[in-house]
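Novice: Generate coordinates for the sequence data below:
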Amino acid sequence: MQRTALAFGLAGLLGLAACGQNDMERGAVGATIAGLGAVATGNNLATVGAAAAVGAAAGALCDDAGVCH
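Specialist: Predicted coordinates for the structure are as follows:
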């Protein structure tokens, strides 16, 4: 239960990926938050890497999708 709450809390922080000034900053924040979320939920290294890659893409592309500015 505690890991689930932590995972949802970290997922909520994913919105902070929009706080960067450019795509690289938003990508770095997205990768960090997604990677930490995967670590906090006890996933293996491959899953953490995949989560970080998805988080980086989501952070870098959020302005192109109109989600962040």
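
Novice: and Ala65, how many neighbours?
Specialist: Residues lying near Ala65 (other C-beta atoms under 10 Å) number 8. C-betas here are computed from N, CA, C, even on glycine.

Novice: just Val67 next, same as before
Specialist: Neighbour tally, Val67, other C-beta under 10 Å: 12.

Novice: before we move on, what SS does it have?
Specialist: Secondary structure assignment for Val67 (DSSP: H, G, I helix; E, B strand; the rest coil): coil.

Novice: before we move on, what about Gln21?
Specialist: Relying on three-state DSSP, one would call Gln21 coil.

Novice: Got the phi and psi for it?
Specialist: When read as degrees, to the nearest 10, the backbone of Gln21 gives phi -80, psi -20.

Novice: Val54 versus that one, what's the distance?
Specialist: 22 Å (C-beta to C-beta, to the nearest Å).

Novice: mean confidence score for the strand or helix carrying Ala51?
Specialist: Assigned by DSSP states H and E, Ala51 falls within helix 45-61. Across helix 45-61, the average pLDDT comes to 89.

Novice: And stretch 21-35, by the same measure?
Specialist: 87.

Novice: From Val29, how far out is Gln21?
Specialist: Taken as C-beta to C-beta, the span from Gln21 to Val29 is 11 Å.
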